[in-house]
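# Test case, fold it:
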Amino acid sequence: MLRSFLHQNPKPIHLLHLLRHLTTTTKDDYFSAIHHITNIVRRDHFMERTLNKLRIPIDSDLVFRVLRASSSSPTESLRFFNWARTHHPSYHPTSLETEELVKTLARSKKYESMWKILDSMKTHHALTLSESTLCFIIQEYGKHALIDQAVELFNRAPNTFNCLQSVQVYNALLFSLCETKLFHGAYALVRRLIRKGMVPNKMTYSILVNAWCSNGKMKEAQLFLEEMSEKGFNPPVRGRDLLVEGLLNAGYIEGAKDMVRKMVKENCVPEVSTFNALLEAICKSGEVEFCIALYWEATGLGLCPDINTYKVMIPAVSKIGRMDDAFRLLHNSIEDGHRPFPSLYAPIVKGMCRKGQFDDAFCFFSEMKVKGHPPNRPVYTMLITMAGRGGRFVEAANYLIEMTEVGLVPISRCFDFVTDGLKNCGKHDLAKRIEQIEVSLRDT
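Take a look at the predicted model:
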(Lines give C-alpha, C1' and ligand atoms only; values in the text may rest on other atoms or scores of the structure.)
Protein backbone atom coordinates (compact mmCIF):
# COMPACT_ATOMS: atom_id res chain seq x y z
CA MET A 1 0.00 0.00 0.00
CA LEU A 2 2.80 2.39 0.88
CA ARG A 3 4.57 1.60 -2.40
CA SER A 4 1.40 2.22 -4.39
CA PHE A 5 0.74 5.49 -2.58
CA LEU A 6 4.28 6.79 -2.95
CA HIS A 7 4.33 5.68 -6.58
CA GLN A 8 1.68 8.32 -7.29
CA ASN A 9 3.92 11.08 -5.86
CA PRO A 10 6.80 12.63 -7.82
CA LYS A 11 9.53 12.43 -5.13
CA PRO A 12 8.81 9.47 -2.83
CA ILE A 13 12.38 9.03 -1.53
CA HIS A 14 12.75 12.76 -0.80
CA LEU A 15 9.39 12.82 1.01
CA LEU A 16 10.23 9.79 3.10
CA HIS A 17 13.44 11.52 4.17
CA LEU A 18 11.50 14.66 5.09
CA LEU A 19 8.90 12.75 7.06
CA ARG A 20 11.52 10.97 9.14
CA HIS A 21 13.61 14.11 9.79
CA LEU A 22 10.96 16.78 10.30
CA THR A 23 12.85 18.51 13.09
CA THR A 24 15.86 19.26 10.87
CA THR A 25 14.15 20.25 7.60
CA THR A 26 13.68 23.73 6.16
CA LYS A 27 10.38 25.55 6.43
CA ASP A 28 9.33 24.74 2.85
CA ASP A 29 10.25 21.09 3.26
CA TYR A 30 8.35 20.92 6.54
CA PHE A 31 5.12 22.19 4.98
CA SER A 32 5.62 19.89 2.00
CA ALA A 33 5.75 16.99 4.44
CA ILE A 34 2.63 18.27 6.23
CA HIS A 35 0.83 18.37 2.90
CA HIS A 36 1.91 14.79 2.17
CA ILE A 37 0.66 13.55 5.55
CA THR A 38 -2.64 15.39 5.06
CA ASN A 39 -3.15 13.61 1.73
CA ILE A 40 -2.64 10.28 3.44
CA VAL A 41 -5.12 11.18 6.18
CA ARG A 42 -7.79 12.31 3.74
CA ARG A 43 -7.42 9.70 1.00
CA ASP A 44 -5.78 6.51 2.27
CA HIS A 45 -8.29 3.86 3.41
CA PHE A 46 -5.52 2.19 5.42
CA MET A 47 -4.28 5.42 6.94
CA GLU A 48 -2.89 3.98 10.18
CA ARG A 49 -0.87 1.27 8.44
CA THR A 50 0.63 3.75 5.97
CA LEU A 51 1.50 6.25 8.71
CA ASN A 52 3.14 3.53 10.80
CA LYS A 53 5.43 2.61 7.92
CA LEU A 54 6.52 6.23 7.51
CA ARG A 55 7.78 6.41 11.12
CA ILE A 56 6.85 10.08 11.54
CA PRO A 57 8.08 12.02 14.61
CA ILE A 58 4.86 13.38 16.15
CA ASP A 59 4.50 16.68 18.00
CA SER A 60 1.71 19.12 18.83
CA ASP A 61 2.40 21.48 15.92
CA LEU A 62 2.34 18.71 13.31
CA VAL A 63 -0.92 17.25 14.63
CA PHE A 64 -2.55 20.70 14.72
CA ARG A 65 -1.55 21.56 11.14
CA VAL A 66 -2.72 18.21 9.77
CA LEU A 67 -6.05 18.48 11.62
CA ARG A 68 -6.58 22.00 10.35
CA ALA A 69 -5.83 20.97 6.77
CA SER A 70 -8.15 17.95 7.11
CA SER A 71 -11.08 19.87 8.63
CA SER A 72 -13.34 18.83 5.74
CA SER A 73 -12.82 15.16 6.66
CA PRO A 74 -14.04 14.81 10.27
CA THR A 75 -13.94 11.00 10.53
CA GLU A 76 -10.43 10.81 9.09
CA SER A 77 -9.29 13.66 11.35
CA LEU A 78 -10.52 11.75 14.39
CA ARG A 79 -8.73 8.59 13.23
CA PHE A 80 -5.49 10.50 12.80
CA PHE A 81 -5.78 12.12 16.24
CA ASN A 82 -6.44 8.72 17.88
CA TRP A 83 -3.53 7.18 15.97
CA ALA A 84 -1.19 9.97 17.14
CA ARG A 85 -2.23 9.44 20.77
CA THR A 86 -2.03 5.65 20.81
CA HIS A 87 1.06 5.00 18.67
CA HIS A 88 3.32 7.69 20.13
CA PRO A 89 3.60 7.50 23.95
CA SER A 90 5.84 10.59 23.98
CA TYR A 91 3.10 12.71 22.40
CA HIS A 92 0.74 14.46 24.81
CA PRO A 93 -2.15 16.40 23.23
CA THR A 94 -2.44 20.10 24.00
CA SER A 95 -5.54 22.26 23.91
CA LEU A 96 -4.46 23.71 20.52
CA GLU A 97 -4.94 20.59 18.39
CA THR A 98 -7.67 19.12 20.59
CA GLU A 99 -9.85 22.18 20.16
CA GLU A 100 -9.20 22.20 16.42
CA LEU A 101 -10.56 18.63 16.26
CA VAL A 102 -13.52 19.54 18.51
CA LYS A 103 -14.45 22.38 16.13
CA THR A 104 -14.25 20.03 13.14
CA LEU A 105 -16.52 17.49 14.81
CA ALA A 106 -19.01 20.17 15.94
CA ARG A 107 -19.13 21.65 12.45
CA SER A 108 -19.97 18.24 10.96
CA LYS A 109 -22.56 17.40 13.68
CA LYS A 110 -20.55 14.48 15.09
CA TYR A 111 -21.47 15.42 18.64
CA GLU A 112 -21.02 11.99 20.23
CA SER A 113 -17.39 11.83 19.11
CA MET A 114 -16.93 15.47 20.09
CA TRP A 115 -18.06 14.81 23.67
CA LYS A 116 -15.83 11.74 23.96
CA ILE A 117 -12.86 13.90 23.00
CA LEU A 118 -13.90 16.62 25.46
CA ASP A 119 -14.29 14.12 28.30
CA SER A 120 -10.92 12.53 27.51
CA MET A 121 -9.36 15.97 27.26
CA LYS A 122 -10.55 16.83 30.76
CA THR A 123 -10.01 13.44 32.45
CA HIS A 124 -6.67 12.28 31.06
CA HIS A 125 -4.91 15.50 30.12
CA ALA A 126 -6.40 18.04 32.56
CA LEU A 127 -7.20 20.39 29.66
CA THR A 128 -9.96 22.97 29.82
CA LEU A 129 -12.05 24.39 27.00
CA SER A 130 -11.23 27.93 25.89
CA GLU A 131 -13.94 30.56 25.76
CA SER A 132 -13.70 30.92 21.96
CA THR A 133 -14.18 27.17 21.38
CA LEU A 134 -17.06 27.04 23.86
CA CYS A 135 -18.76 29.89 21.97
CA PHE A 136 -18.11 28.11 18.67
CA ILE A 137 -19.82 24.89 19.85
CA ILE A 138 -22.83 26.78 21.25
CA GLN A 139 -23.23 28.62 17.92
CA GLU A 140 -22.92 25.39 15.93
CA TYR A 141 -25.71 23.87 18.03
CA GLY A 142 -27.81 26.91 17.14
CA LYS A 143 -27.02 26.66 13.42
CA HIS A 144 -28.20 23.03 13.49
CA ALA A 145 -31.39 23.95 15.44
CA LEU A 146 -30.26 22.06 18.58
CA ILE A 147 -31.14 24.81 21.04
CA ASP A 148 -31.64 22.49 24.04
CA GLN A 149 -28.05 21.25 23.72
CA ALA A 150 -26.81 24.84 23.35
CA VAL A 151 -28.57 25.90 26.55
CA GLU A 152 -27.31 22.83 28.40
CA LEU A 153 -23.71 23.53 27.38
CA PHE A 154 -24.10 27.19 28.39
CA ASN A 155 -25.33 26.15 31.85
CA ARG A 156 -22.62 23.47 32.28
CA ALA A 157 -19.74 25.73 31.21
CA PRO A 158 -18.67 27.05 34.66
CA ASN A 159 -18.63 23.66 36.42
CA THR A 160 -17.65 21.29 33.60
CA PHE A 161 -15.08 23.38 31.77
CA ASN A 162 -14.19 26.01 34.36
CA CYS A 163 -15.22 28.66 31.82
CA LEU A 164 -16.96 31.80 33.04
CA GLN A 165 -20.23 32.92 31.46
CA SER A 166 -18.81 36.09 29.98
CA VAL A 167 -20.55 38.52 27.63
CA GLN A 168 -19.02 36.59 24.70
CA VAL A 169 -20.55 33.32 25.93
CA TYR A 170 -23.92 35.05 26.41
CA ASN A 171 -23.63 36.38 22.85
CA ALA A 172 -23.03 32.84 21.55
CA LEU A 173 -26.22 31.57 23.18
CA LEU A 174 -28.05 34.70 22.03
CA PHE A 175 -26.98 33.89 18.47
CA SER A 176 -28.30 30.33 18.82
CA LEU A 177 -31.66 31.53 20.17
CA CYS A 178 -31.99 33.99 17.29
CA GLU A 179 -31.03 31.31 14.75
CA THR A 180 -33.97 29.23 15.97
CA LYS A 181 -36.25 32.33 16.08
CA LEU A 182 -36.76 32.16 19.85
CA PHE A 183 -36.84 35.94 20.22
CA HIS A 184 -38.60 36.01 23.59
CA GLY A 185 -35.93 33.71 25.00
CA ALA A 186 -33.22 35.90 23.45
CA TYR A 187 -34.68 39.04 25.00
CA ALA A 188 -34.96 37.28 28.38
CA LEU A 189 -31.28 36.27 28.08
CA VAL A 190 -30.27 39.91 27.59
CA ARG A 191 -32.23 40.90 30.69
CA ARG A 192 -30.48 38.10 32.62
CA LEU A 193 -27.10 39.34 31.40
CA ILE A 194 -27.90 42.79 32.78
CA ARG A 195 -29.12 41.36 36.11
CA LYS A 196 -25.77 39.57 36.46
CA GLY A 197 -24.08 42.97 36.40
CA MET A 198 -22.60 42.69 32.90
CA VAL A 199 -22.80 45.29 30.14
CA PRO A 200 -24.00 44.30 26.64
CA ASN A 201 -21.48 45.08 23.89
CA LYS A 202 -21.96 45.96 20.24
CA MET A 203 -22.19 42.27 19.26
CA THR A 204 -25.07 41.76 21.72
CA TYR A 205 -27.09 44.50 20.11
CA SER A 206 -26.10 43.53 16.56
CA ILE A 207 -27.16 39.88 16.98
CA LEU A 208 -30.64 40.79 18.18
CA VAL A 209 -31.21 43.69 15.78
CA ASN A 210 -29.97 41.68 12.78
CA ALA A 211 -32.22 38.76 13.72
CA TRP A 212 -35.31 40.96 14.16
CA CYS A 213 -34.65 42.80 10.89
CA SER A 214 -34.10 39.51 9.04
CA ASN A 215 -37.57 38.40 10.16
CA GLY A 216 -39.26 41.69 9.32
CA LYS A 217 -39.58 42.75 12.97
CA MET A 218 -38.31 46.30 12.58
CA LYS A 219 -40.59 47.69 15.29
CA GLU A 220 -39.34 45.18 17.87
CA ALA A 221 -35.74 46.11 17.06
CA GLN A 222 -36.48 49.81 17.56
CA LEU A 223 -38.32 49.17 20.83
CA PHE A 224 -35.45 47.04 22.11
CA LEU A 225 -32.91 49.78 21.41
CA GLU A 226 -35.15 52.41 23.03
CA GLU A 227 -35.64 50.27 26.14
CA MET A 228 -31.91 49.63 26.47
CA SER A 229 -31.28 53.35 26.16
CA GLU A 230 -33.85 54.12 28.86
CA LYS A 231 -32.10 51.65 31.18
CA GLY A 232 -28.81 53.43 30.60
CA PHE A 233 -27.30 50.78 28.32
CA ASN A 234 -26.61 52.78 25.17
CA PRO A 235 -25.02 50.67 22.42
CA PRO A 236 -21.41 51.48 21.44
CA VAL A 237 -22.81 52.79 18.15
CA ARG A 238 -25.99 54.75 17.69
CA GLY A 239 -29.21 52.79 17.53
CA ARG A 240 -30.11 53.85 14.02
CA ASP A 241 -26.71 52.72 12.77
CA LEU A 242 -27.45 49.26 14.14
CA LEU A 243 -30.84 49.29 12.43
CA VAL A 244 -29.27 50.29 9.12
CA GLU A 245 -26.72 47.47 9.41
CA GLY A 246 -29.49 45.04 10.38
CA LEU A 247 -31.55 45.97 7.33
CA LEU A 248 -28.50 45.61 5.07
CA ASN A 249 -27.62 42.20 6.52
CA ALA A 250 -31.21 41.10 5.98
CA GLY A 251 -31.11 42.32 2.36
CA TYR A 252 -33.58 45.19 2.84
CA ILE A 253 -31.55 47.77 0.94
CA GLU A 254 -34.49 50.09 0.25
CA GLY A 255 -35.34 50.21 3.96
CA ALA A 256 -31.72 51.05 4.79
CA LYS A 257 -31.69 53.77 2.13
CA ASP A 258 -34.88 55.32 3.52
CA MET A 259 -33.47 55.37 7.04
CA VAL A 260 -30.24 57.06 5.93
CA ARG A 261 -32.24 59.59 3.89
CA LYS A 262 -34.18 60.52 7.02
CA MET A 263 -30.94 60.84 8.99
CA VAL A 264 -29.45 63.16 6.35
CA LYS A 265 -32.60 65.32 6.30
CA GLU A 266 -32.23 65.69 10.07
CA ASN A 267 -28.60 66.82 9.53
CA CYS A 268 -27.35 63.59 11.06
CA VAL A 269 -25.04 61.07 9.41
CA PRO A 270 -24.29 57.43 10.29
CA GLU A 271 -20.93 56.17 11.47
CA VAL A 272 -18.44 55.74 8.65
CA SER A 273 -18.40 51.91 8.92
CA THR A 274 -22.20 51.80 8.58
CA PHE A 275 -22.05 54.34 5.74
CA ASN A 276 -19.45 52.22 3.90
CA ALA A 277 -21.57 49.08 4.24
CA LEU A 278 -24.57 50.98 2.83
CA LEU A 279 -22.56 52.36 -0.11
CA GLU A 280 -21.19 48.92 -0.94
CA ALA A 281 -24.63 47.31 -0.91
CA ILE A 282 -26.18 50.06 -3.06
CA CYS A 283 -23.29 50.06 -5.55
CA LYS A 284 -23.66 46.29 -5.96
CA SER A 285 -27.35 46.82 -6.75
CA GLY A 286 -26.33 49.21 -9.55
CA GLU A 287 -27.55 52.52 -8.06
CA VAL A 288 -24.20 54.28 -8.21
CA GLU A 289 -25.77 57.68 -8.97
CA PHE A 290 -27.63 57.52 -5.65
CA CYS A 291 -24.35 56.73 -3.87
CA ILE A 292 -22.60 59.71 -5.44
CA ALA A 293 -25.35 62.11 -4.32
CA LEU A 294 -25.47 60.55 -0.85
CA TYR A 295 -21.69 60.75 -0.48
CA TRP A 296 -21.53 64.47 -1.23
CA GLU A 297 -24.52 65.17 1.02
CA ALA A 298 -23.03 63.20 3.91
CA THR A 299 -19.56 64.73 3.61
CA GLY A 300 -21.20 68.16 3.51
CA LEU A 301 -22.81 67.34 6.88
CA GLY A 302 -19.48 66.39 8.43
CA LEU A 303 -18.97 62.71 7.60
CA CYS A 304 -15.24 61.90 7.51
CA PRO A 305 -14.69 59.16 4.90
CA ASP A 306 -11.96 56.59 5.49
CA ILE A 307 -9.93 54.56 3.02
CA ASN A 308 -12.69 51.93 2.78
CA THR A 309 -15.11 54.62 1.57
CA TYR A 310 -12.79 55.40 -1.33
CA LYS A 311 -12.28 51.68 -2.04
CA VAL A 312 -16.02 51.38 -2.62
CA MET A 313 -16.70 54.67 -4.41
CA ILE A 314 -13.78 55.13 -6.83
CA PRO A 315 -14.17 51.80 -8.70
CA ALA A 316 -17.96 52.22 -8.80
CA VAL A 317 -17.98 55.75 -10.26
CA SER A 318 -15.15 54.91 -12.69
CA LYS A 319 -17.11 51.94 -14.01
CA ILE A 320 -20.07 54.12 -15.03
CA GLY A 321 -17.80 56.74 -16.63
CA ARG A 322 -18.13 59.49 -14.02
CA MET A 323 -14.43 60.37 -14.29
CA ASP A 324 -14.72 63.86 -12.81
CA ASP A 325 -16.20 62.39 -9.63
CA ALA A 326 -13.55 59.67 -9.61
CA PHE A 327 -10.76 62.26 -9.73
CA ARG A 328 -12.39 64.36 -7.02
CA LEU A 329 -12.64 61.30 -4.78
CA LEU A 330 -9.02 60.35 -5.46
CA HIS A 331 -7.80 63.86 -4.67
CA ASN A 332 -9.88 63.86 -1.48
CA SER A 333 -8.23 60.60 -0.42
CA ILE A 334 -4.78 62.10 -1.07
CA GLU A 335 -5.70 65.18 0.97
CA ASP A 336 -6.77 62.84 3.79
CA GLY A 337 -3.24 61.42 3.81
CA HIS A 338 -3.78 58.22 1.83
CA ARG A 339 -1.15 57.34 -0.74
CA PRO A 340 -2.95 55.95 -3.82
CA PHE A 341 -2.51 52.21 -4.29
CA PRO A 342 -3.22 50.17 -7.44
CA SER A 343 -6.81 49.20 -6.60
CA LEU A 344 -7.69 52.91 -6.32
CA TYR A 345 -6.05 54.35 -9.43
CA ALA A 346 -6.40 51.33 -11.75
CA PRO A 347 -10.21 51.74 -12.12
CA ILE A 348 -9.66 55.38 -13.13
CA VAL A 349 -7.09 54.37 -15.77
CA LYS A 350 -9.48 51.72 -17.09
CA GLY A 351 -12.42 54.16 -17.15
CA MET A 352 -10.42 56.70 -19.16
CA CYS A 353 -9.33 54.03 -21.64
CA ARG A 354 -12.96 52.95 -22.08
CA LYS A 355 -13.83 56.54 -23.00
CA GLY A 356 -10.97 56.66 -25.53
CA GLN A 357 -8.88 59.09 -23.44
CA PHE A 358 -5.68 57.08 -23.86
CA ASP A 359 -3.20 59.96 -23.74
CA ASP A 360 -4.76 61.23 -20.51
CA ALA A 361 -4.80 57.70 -19.09
CA PHE A 362 -1.10 57.14 -19.88
CA CYS A 363 -0.19 60.52 -18.38
CA PHE A 364 -2.22 59.81 -15.24
CA PHE A 365 -0.62 56.36 -14.91
CA SER A 366 2.86 57.91 -15.08
CA GLU A 367 1.85 60.37 -12.36
CA MET A 368 0.57 57.58 -10.12
CA LYS A 369 3.84 55.67 -10.48
CA VAL A 370 5.50 58.64 -8.79
CA LYS A 371 2.84 59.70 -6.29
CA GLY A 372 1.24 56.36 -5.49
CA HIS A 373 2.23 52.81 -4.68
CA PRO A 374 4.00 50.97 -7.55
CA PRO A 375 1.65 49.28 -10.05
CA ASN A 376 1.33 45.53 -9.71
CA ARG A 377 0.95 42.79 -12.30
CA PRO A 378 -2.87 43.02 -12.68
CA VAL A 379 -2.63 46.79 -13.30
CA TYR A 380 -0.03 46.38 -16.03
CA THR A 381 -2.03 43.53 -17.57
CA MET A 382 -5.17 45.68 -17.60
CA LEU A 383 -3.32 48.66 -19.14
CA ILE A 384 -1.69 46.52 -21.86
CA THR A 385 -5.06 44.95 -22.68
CA MET A 386 -6.91 48.27 -22.83
CA ALA A 387 -4.17 49.89 -24.94
CA GLY A 388 -4.26 46.96 -27.35
CA ARG A 389 -8.04 47.09 -27.65
CA GLY A 390 -7.72 50.77 -28.56
CA GLY A 391 -5.13 50.04 -31.24
CA ARG A 392 -2.28 51.56 -29.20
CA PHE A 393 0.04 48.58 -29.65
CA VAL A 394 3.30 50.54 -29.42
CA GLU A 395 2.30 51.89 -25.98
CA ALA A 396 1.15 48.39 -24.99
CA ALA A 397 4.57 47.02 -26.01
CA ASN A 398 6.35 49.73 -24.03
CA TYR A 399 4.34 48.89 -20.90
CA LEU A 400 5.07 45.20 -21.41
CA ILE A 401 8.81 45.93 -21.58
CA GLU A 402 8.55 48.23 -18.55
CA MET A 403 6.73 45.48 -16.70
CA THR A 404 9.60 43.02 -17.24
CA GLU A 405 12.16 45.65 -16.22
CA VAL A 406 10.56 46.03 -12.78
CA GLY A 407 10.60 42.26 -12.25
CA LEU A 408 6.99 41.41 -13.15
CA VAL A 409 6.31 38.54 -15.57
CA PRO A 410 3.55 39.25 -18.13
CA ILE A 411 1.01 36.54 -18.84
CA SER A 412 1.38 34.72 -22.18
CA ARG A 413 -1.84 36.26 -23.51
CA CYS A 414 -0.26 39.72 -23.30
CA PHE A 415 2.73 38.62 -25.38
CA ASP A 416 0.51 37.09 -28.07
CA PHE A 417 -1.86 40.06 -28.05
CA VAL A 418 0.89 42.67 -28.40
CA THR A 419 3.01 40.72 -30.89
CA ASP A 420 0.08 40.10 -33.26
CA GLY A 421 -0.99 43.74 -33.03
CA LEU A 422 2.50 45.06 -33.78
CA LYS A 423 2.84 42.79 -36.80
CA ASN A 424 -0.55 43.88 -38.15
CA CYS A 425 0.42 47.53 -37.95
CA GLY A 426 3.87 46.98 -39.52
CA LYS A 427 6.04 47.27 -36.38
CA HIS A 428 7.98 44.07 -37.06
CA ASP A 429 11.21 45.07 -35.28
CA LEU A 430 9.39 45.84 -32.07
CA ALA A 431 7.34 42.64 -32.42
CA LYS A 432 10.58 40.66 -32.77
CA ARG A 433 11.95 42.28 -29.61
CA ILE A 434 8.79 41.30 -27.69
CA GLU A 435 9.14 37.71 -28.91
CA GLN A 436 12.78 37.66 -27.76
CA ILE A 437 11.75 38.87 -24.29
CA GLU A 438 9.14 36.13 -24.09
CA VAL A 439 11.69 33.46 -25.06
CA SER A 440 14.24 34.76 -22.54
CA LEU A 441 11.64 34.71 -19.75
CA ARG A 442 10.67 31.14 -20.63
CA ASP A 443 14.29 30.04 -20.44
CA THR A 444 14.64 31.47 -16.94
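# isn't Val209 right next to Phe224, touching?
Yes. Counting by C-beta atoms under 8 Å, Val209 touches Phe224, with 7.3 Å between them. Quick note: C-beta positions are derived from backbone N, CA and C, even for glycine.
# Looking at these two, which is more packed in?
Between Val209 and Phe224, Val209 has the larger neighbour count (other C-beta atoms under 10 Å), namely 29 against 21.
# If we ignore the residues flanking it in sequence, what's nearest the more buried one?
For Val209, ignoring the flanking residues on the chain, the nearest one in space by C-beta to C-beta, 6 or more residues apart in numbering is Gly246 at 4.2 Å.
# can you tell me the helix or strand for the residue nearest to His87 when sequence neighbours are not counted?
Once flanking residues are discounted, His87 sits nearest to Asn52: 6.7 Å by C-beta to C-beta, 6+ apart. For Asn52, the host element (DSSP states H and E) is helix 47-54.
# tell me what that helix is packed against?
Other elements packing on helix 47-54 under the criterion 3 or more C-beta pairs under 8 Å, 6 or more residues apart in numbering; DSSP states H and E are helix 2-7, helix 12-20, helix 27-43, helix 74-87.
# Just list the residues touching Gly356, thanks.
The contact partners of Gly356, taken as C-beta atoms under 8 Å, 6 or more residues apart in numbering, are Gly390.
# Phi and psi next, for it.
As for Gly356, its main-chain torsions (degrees, to the nearest 10) stand at phi 80, psi 10.
# Let me know the pLDDT of it.
Looking at Gly356, its pLDDT is 91.
# ranking the helices and strands packed on helix 47-54 by mean pLDDT, which is last?
helix 2-7 (a mean of 39).
# Could you check which helix or strand contains the residue nearest to Val209?
Here Gly246 sits within helix 239-249, counting by DSSP H and E.
# Heading C-terminal from that helix, find the next helix or strand.
helix 253-265.
# between that next one and helix 239-249, how many degrees?
Computed by axes from the mean of the first three to the mean of the last three C-alpha atoms, to 10 degrees, the angle separating helix 253-265 from helix 239-249 equals 160 degrees.
# re earlier: burial measure for the residue nearest to His87, as a count.
13.
# Isn't it up against His88?
No. Asn52 is beyond contact range of His88, at 10.5 Å (criterion: C-beta under 8 Å).
# Double-check Cys425 against Phe393; I have them as touching.
Yes. Using C-beta under 8 Å, Cys425 is in contact with Phe393, at 5.9 Å.
# With neighbour numbers in mind, choose between the two.
Phe393 (24 against 13).
# phi, psi of the residue lying closest to Ala431 once chain neighbours are set aside?
Closest residue to Ala431 apart from its sequence neighbours, by C-beta to C-beta, 6+ apart: Leu422 at 3.8 Å. In terms of degrees, to the nearest 10, the main-chain angles of Leu422 are phi -60, psi -40.
# List the contacts of Leu422.
By C-beta under 8 Å, 6+ apart, the neighbours of Leu422 are Phe393, Val394, Ala397, His428, Leu430, Ala431, Ile434.
# Quick one: residues contacting Val102.
Met114, Ile117, Leu118, Met121, Leu129, Thr133, Ile137.
# how much space between the residue lying closest to Glu76 once chain neighbours are set aside and Arg68?
Ranked by C-beta to C-beta, 6+ apart and with sequence neighbours excluded, the top spatial neighbour of Glu76 is Val41, at 5.2 Å. Distance of Val41 to Arg68, computed by C-beta to C-beta, to the nearest Å: 11 Å.
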